[in-house]
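A.B. asks: Sequence isn't available, so here's the structure alone:
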Ligand SMILES: CC(=O)CC(=O)SCCNC(=O)CCNC(=O)[C@H](O)C(C)(C)COP(=O)(O)OP(=O)(O)OC[C@H]1O[C@@H](n2cnc3c(N)ncnc32)[C@H](O)[C@@H]1OP(=O)(O)O
Ligand SMILES: NC(=O)C1=CN([C@@H]2O[C@H](COP(=O)(O)OP(=O)(O)OC[C@H]3O[C@@H](n4cnc5c(N)ncnc54)[C@H](OP(=O)(O)O)[C@@H]3O)[C@@H](O)[C@H]2O)C=CC1
């Protein structure tokens, strides 16, 4: 079955990027969020990215217009009634994702694949709230989506080969590289990345170095494109904390304990770029 129409749920930093690369791959895209203003904000990000592609000569105006015409804004999950795949990118919260997947299972046709962009939550558990766990899969894009090549494709216990192959093919149509991994806390990307970020936060917490110094060490010493604390601000400190908690609970090893400073920043509402302040201060 060829995937022609997608719904992306959550028009935040990840959802808007996923919607953009979907439309650029030629899919019709329903972009869904709970309020019009969030959908409009997501569409604004996409429009800005495509305009930059035009100004850089990677796309012409007609191409941009053709891509923009593929979007349908939505604030109702009922708009998923005729899509071939849903990629959910709402906030990282099991209760919210569980409700969305239960509703989607009622609304979407039987052939529809239900994918989640979760950074750490168990795909098997998300699949289990539906009557089609064989069609539930993790499609984990990296931030910023239009730039990063990887999609971590995560199989839940019941995910079928047909579902896996369809998602692999779709990822390649999006000009991305799918890498297959099994379902485990944090999968591979965040099992490796987020503890490194957490240790970077400990370096600041214990007064070993300033955020700037920690980031410089990792940029100049390890050739990372950005330092771990600047990256934490890009990901969102709430998301980083949530992932550390999933690792800690799921793997039960004290080495995954979240740094108290990370907890403190999140409690203060210092969430990184999206709130204007994290380890660094940003213009909102
Ligand atoms: C938490 C999870 O579950 C999983 C995750 O996503 S973990 C996070 C994974 N991501 C990373 O590790 C990102 C690491 N950082 C980087 O790769 C780079 O710093 C970066 C791509 C973000 C920026 O690159 P840079 O060279 O420092 O800056 P910059 O020159 O501004 O950007 C490079 C290109 O990316 C584009 N870009 C940057 N941010 C973008 C965004 N948000 N959307 C679209 N395009 C973007 C720029 O327009 C630019 O394109 P051109 O070269 O064509 O002009
Ligand atoms: N940040 C990152 O680097 C990465 C994040 N992810 C994962 O992607 C998902 C989204 O993260 P991110 O884009 O950073 O988060 P954002 O906060 O930027 O976006 C989430 C969006 O979902 C909306 N939303 C909340 N609840 C619902 C709902 N019930 N139905 C529809 N939309 C809803 C939010 O609205 P509101 O603003 O009102 O809350 C917001 O617009 C998370 O699961 C995260 O773990 C995966 C890879 C990387």
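C.D. replies: Nice, I can see it. Given the structure is predicted, the values throughout are model-derived calculations rather than measurements. Ligands and ions are numbered 1, 2, ... in the order given.
A.B. asks: I figured residue 33 was touching residue 75, is that so?
C.D. replies: Yes - Residue 33 lies in contact with residue 75 (Cβ atoms under 8 Å); the separation is 6.6 Å. Bear in mind the C-beta positions are built from the backbone N, C-alpha and C, glycine included.
A.B. asks: Which one of those two is surrounded by more residues?
C.D. replies: Each of residue 33 and residue 75 has its neighbours counted (other Cβ atoms under 10 Å); residue 33 has more, 23 against 15.
A.B. asks: Contact partners for that one?
C.D. replies: 9, 10, 11, 12, 15, 39, 42, 75 (Cβ atoms under 8 Å, 6 or more residues apart in numbering).
A.B. asks: shared neighbours of residue 33 and residue 75, which are they?
C.D. replies: The contact sets of residue 33 and residue 75 overlap at residue 39 (Cβ under 8 Å, 6+ apart).
A.B. asks: The contacts of residue 33 into CSV, with extra columns for pLDDT and secondary structure?
C.D. replies: Below are the contacts of residue 33 laid out as CSV (pLDDT from 0 to 100; DSSP: H, G, I helix; E, B strand; the rest coil):
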residue, pLDDT, secondary structure
9, 98, strand
10, 98, coil
11, 98, coil
12, 95, coil
15, 98, helix
39, 98, helix
42, 98, helix
75, 98, coil
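A.B. asks: Up against ligand 1, what does the stretch 151-284 of the chain have?
C.D. replies: 189, 190, 193, 225, 226, 231, 235 (Cβ under 6 Å from any ligand atom).
A.B. asks: Mind giving me the ChimeraX command for buried ones among these?
C.D. replies: Here is the ChimeraX command that picks out the buried ones among these, judged by 16 or more other Cβ atoms under 10 Å:
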select :189,190,193,231,235
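A.B. asks: which one among the residues of the stretch 151-284 of the chain next to ligand 1 gets closest to residue 203?
C.D. replies: Proximity of those to residue 203 was ranked by Cβ to Cβ; the top entry is residue 231 with 14.2 Å.
A.B. asks: Quick check: which element contains that closest one?
C.D. replies: helix 228-235 (DSSP states H and E).
A.B. asks: how about the strands in this protein?
C.D. replies: Assigned by DSSP state E, the strands in the chain fall at 5-9, 28-32, 71-74, 85-88, 113-116, 136-141, 150-155, 177-182.
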